[in-house]
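> build me a structure from this.
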Amino acid sequence: MRHISTRRVGAAFAAVLTAATLSLVAPPAPADAADACTSEVQPTDPLLGLPTGTACDDTVPPTTTLGAVTPAMSGGWLASTAVTIAFTGAHTDAGPGGDTDPISYQCQFFNSAIAPTAWQACTSPVTYDRLEERSATPYTFRVRAIDTPDSAHDITTDPFFAAPADLPDIDQTPAELVFRADATAPSTFGLLRTNYYDQDRQDAPMVTAPKVQIRLQSNEGGPVEVPTYRCRLDDRSVPCNDGLTALRGLGAGMHDFTAAAVDPAGNVDPTPFAQRFFVPRNLTADDAASSSRGDWRRVRSAGSFAGDYLQATAYGATLSFPVRNIRAIRLLAPAGPRLGKVDIRVGQGAWMRVSLASKDAQRLKIYQVRDELSGLLAGPLQIRVASRNRVVRVDAVMAR
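Next up, the predicted model:
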């Protein structure tokens, strides 16, 4: 703290004062013996109106602290076009009794590249509305606390205790909040990636592998602000991301996938992207009928439905598994020269023949056995080798 001893009153003024009057003014005190200065407003004699103490410069301005921000922000984003900001100020002056001067505040609020020079008086809390959403330049709020009486008193012009300088009585490190506003929920777009066009059920197409890829995109975001998503598969949360999302290890049957984009402000798309799709049943040796356990052999193949297919040559070798209330049946199987035939039926219904022979070899071909407009069926679905001395290969079955 800098303390300034009382200067002698000017000669002309001293001639007027009586000795008794002079005795009311405290004698000068050494600067290093004075208490810490917490206020520049000096006490005065009630009769003469003259200072009765040693003048000083309070060199410790109050500090400023931000309080609650409503609504709460997320990563520098505000999910609203209006904000309310609270703040407080406090004295940190040391010394007996401490600084008890009242505190006032000044604020700035702008979203320009260059900060304004002017400050406006303000009180806590302050509210700003009609904010521009996703502005190119973020909003900046600044607030600084002021030692009100000390700021109003310029010690350099004090008629009795003039000093060469008056140190600031305003917080020189204002509290600051920088943010952008975005109150609009994003929109979510998606695309199921598949090389098979299911003309019968475009709303819930069949896929040709037990894993699928879905491309997600939002109308918000970019290279810097990458959007996130909340995704669910059959009523359970699953990880997903902007761009391609892979869903693996899918079981046979119908699946429902939804994705809702979440922007940096935390707004969630209220109408998520939704995609239904159907996964065929991968045929395994466990599907072999008890009389055909040794007739079917698993063959690995990178181009197959799940990386393999079943092969048999024995006439009558049968695969079987239960189905219920199904209409359409599709067989997924390799095609090629010298391949044989299979018969397919459900329950005690009629056998439906499928020839796997083709002049052109295909790792995975889709054979429509029964369409979506057929009647309902239930019971064991059987696949039986219907040719002699011919290799039969089968991979997966869609039954829905």
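> tell me what the closest residue to residue 254 other than its chain neighbours is bridged to.
The shortest distance from residue 254 to any residue other than its chain neighbours is 5.3 Å, reached at residue 278 (CB to CB, 6 or more residues apart in numbering). Where C-beta positions appear, they are placed from N, C-alpha and C, glycine not excepted. Beta-bridge pairing of residue 278 under DSSP bridges involves residue 206, residue 254.
> let's number from 579 now, not from 1
Okay, residue one is now 579; in that scheme the one you just asked about reads as residue 856.
> for the closest residue to residue 940 other than its chain neighbours, phi and psi?
Distance criterion CB to CB, 6+ apart; nearest residue to residue 940, sequence neighbours excluded, is residue 913 at 4.4 Å. For residue 913, the backbone dihedrals are phi -130, psi 150 (criterion: degrees, to the nearest 10).
> now do residue 868
phi -60, psi -30.
> mind checking pLDDT for it?
On pLDDT, residue 868 comes in at 92.
> residue 969 versus that one, what's the distance?
According to CB to CB, to the nearest Å, residue 868 stands 23 Å off from residue 969.
> what does residue 678 give?
Residue 678 is 99 Å from residue 969, by CB to CB.
> where do the strands sit along the stretch 829-978 of the chain?
All strands of the stretch 829-978 of the chain, identified by DSSP state E, counting those that start in this stretch, fall at 831-840, 851-857, 859-860, 875-878, 886-890, 896-904, 907-913, 919-924, 930-933, 940-948, 955-963, 970-972, 974-977.
> note down every partner strand of the shortest one and its orientation.
Sheet partners assigned to strand 859-860 using DSSP bridges are listed as strand 974-977 (antiparallel).
> can you list the weak-confidence ranges in the protein?
Where the chain drops to pLDDT under 70, the residues are 579-614, 629-633, 672-674, 737-740, 800-802.
> pop the domain breakdown of it in here.
Per automatic domain parsing, the structural domains of the chain span 641-759, 766-855, 860-977.
> the helices in this protein, which residues?
For the chain, the helices defined by DSSP state H cover 589-594, 597-600, 726-730.
> re earlier: looking at residue 868 and residue 969, which is more packed in?
residue 969 (15 against 7; other CB atoms under 10 Å).
> please report how far the more buried one lies from residue 897.
Counting by CB to CB, the gap from residue 969 to residue 897 is 15 Å.
> what does residue 937 give?
With CB to CB as the criterion, residue 937 and residue 897 are 26 Å apart.
> which one of those two is surrounded by more residues?
Neighbour count, other CB under 10 Å: between residue 937 and residue 897, residue 897 has more, with 26 against 7.
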